[in-house]
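Participant: okay, structure incoming, though there's no sequence with it:
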């Protein structure tokens, strides 16, 4: 089981995801995370020797592929309806250069 | 000092499907902003991706043509990064299980054929187009979700020229398959180059530099040649190369730094939870692989075998698929593939270049050009007359009608020519005497007279032969 993460860890993670945590919020998360880790430790009691890890809940692959036919397009007005700022049919956001 | 050059190339190629990779919104180029999207590209809550069957088919075709193994269990992974060019906050790609692996492409170099190994071909989605203005960024999600294949070579390339040969062979192959427009200038095919230099024979690789945004094959070659010069001179002066991303600057014809690499970005890849593994129908995969369109190399070989073309002519024709397709239509009518090839390569290509036109913008019909070739073969008109007729054929006119209207039929009917010859001989008894006295010039004079009587339409070779025979009889 991984070591228990502290406030600084969650604050750094939050910054990477572009938001800030207050000390109080970070502390809440640390506590929640501790509880979660204890709960997960219960699973370690199960013997999984020789069991392949699964990624998906079902073992059988699906077979569906979508036919290449246009089936649903929304209008420019609909597309932009949730945008806080629109310029000439474009979503407008503060300048971002990667 | 002498250096070994190590180059690997990544190609991103948009697939020519009607709809997006994971949604039924249209995949198109040059439409009004944000009109080719639906809730899936815009990442509205509750939406789920559904894989495009044609995109998978195209990826199988490309993998097969590049001699790759095809994985029939299709799996996707999630590449996480927080950037506005994908509304979801991640790209769906195939990090861990590319559909195609372990292939190769043979290129022609000055030292002969060289095999460039291809590590992988995987499917993924394209990103949105962003316009960075002074204070804001405008986003158009039309391109977002367009199906892409990324094709990654092994570092087997060792010069700018080889890189250009590899990219152009790959481009030609994908174009013949019909899976992509491969327009580098419009961005439907994009090329990133990884390059490093090491002392000749050294087992240790040098620092790698990535060159991005190469929008033509000639720029790929120029950028690499420039980069080789830059690395050599830095190393020769005892300096070191920084790991970074550079781009080719068209104006100065050099590479310039875009950004330094600050360690590897952690994309937190994990299996895409919204798409379960998809087992492809094996019969379907086999039928795609067994029915690939003809590839450029196969077409070249066929031209040499069926039409008797030399490798140069076969190469010139097949390197331009439109011209090559047109040539085949001409050959359905023309009785001689070699002469048809000459007309396509020199007269036709020359005329198109001179007029700044393409085959699709001209009214010219392949049947007419084939007919024209046959008219020359059948000696209906002379080669010189054919060139004159060709000017009108280019405008969509029927060569038979043009030749008739210009009254330029070549008379190859022996009885018609004979009758002219006899008229001329009757009118010129002195020339017959001269001929009998060994004056060979008399023949030339008499042929001239026959040509004059026929208004230039008598077949000169036939006239010469028949006239000599007639003279001997008299």
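Facilitator: Good, I have the coordinates. This one's a predicted model, so the numbers in the text were calculated from it and none came from an experiment.
Participant: in chain B, which strand has the most residues?
Facilitator: Identified as the longest strand of chain B according to DSSP state E is strand B:112-125.
Participant: tell me the centre residue of the chain?
Facilitator: As the question left the chain open, I've gone with chain A. residue A:17 (9.9 Å; Cα atoms, centre = their mean).
Participant: wrong chain, I was asking about chain B
Facilitator: Short answer for chain B (Cα atoms, centre = their mean): residue B:172, at 4.3 Å.
Participant: quick revisit: show me what whichever helix or strand comes after the longest strand of chain B is packed against.
Facilitator: Counting by DSSP states H and E, the next helix or strand C-terminal to strand B:112-125 is strand B:129-132. The contact analysis (3 or more Cβ pairs under 8 Å, 6 or more residues apart in numbering or on different chains; DSSP states H and E) places strand B:129-132 against strand B:136-140. In short, each C-beta sits where N, CA and C put it, glycine included.
Participant: partner strands of the strand it packs on and their direction?
Facilitator: strand A:90-94 (antiparallel), strand B:129-132 (antiparallel) (DSSP bridges).
Participant: surely residue B:2 and residue B:202 touch.
Facilitator: No. Counting by Cβ atoms under 8 Å, residue B:2 stays clear of residue B:202, with 10.5 Å between them.
Participant: what about the two, which has more around it?
Facilitator: More crowded of residue B:2 and residue B:202, by other Cβ atoms under 10 Å in any protein chain shown: residue B:202, with 11 against 7.
Participant: let me see the contact set for that one.
Facilitator: Applying Cβ atoms under 8 Å, 6 or more residues apart in numbering or on different chains to residue B:202 gives the contacts residue B:4.
Participant: and what of residue B:365?
Facilitator: residue B:396.
Participant: for residue B:338, same thing?
Facilitator: B:307-309, B:313.
Participant: filter these down to the ones near chain A?
Facilitator: With Cβ under 8 Å from any Cβ of the partner chain as the criterion, the contacts of residue B:338 include none near chain A.
Participant: Throw together a PyMOL command that grabs the buried residues out of those.
Facilitator: If you want just the buried ones from those in PyMOL, going by 16 or more other Cβ atoms under 10 Å in any protein chain shown, the selection is:
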select buried, chain B and resi 307+309+313
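Participant: may I ask which two of the contacts of residue B:338 are separated the most?
Facilitator: Greatest spatial distance in the contacts of residue B:338: B:308 and B:313, 9.6 Å, computed using Cβ to Cβ.
Participant: tell me which of the strands paired with strand B:136-140 sits most buried.
Facilitator: Highest mean neighbour count among the strands paired with strand B:136-140 (mean count of other Cβ atoms under 10 Å in any protein chain shown): strand A:90-94, with a mean of 18.
Participant: which parts of chain A sit against chain B?
Facilitator: So chain A meets chain B at A:16-18, A:55-56, A:58, A:61-76, A:79-80, A:85, A:87-98 (Cβ under 8 Å from any Cβ).
Participant: restricted to strands, list those.
Facilitator: Per DSSP E, those map to strands at A:87, A:90-94.
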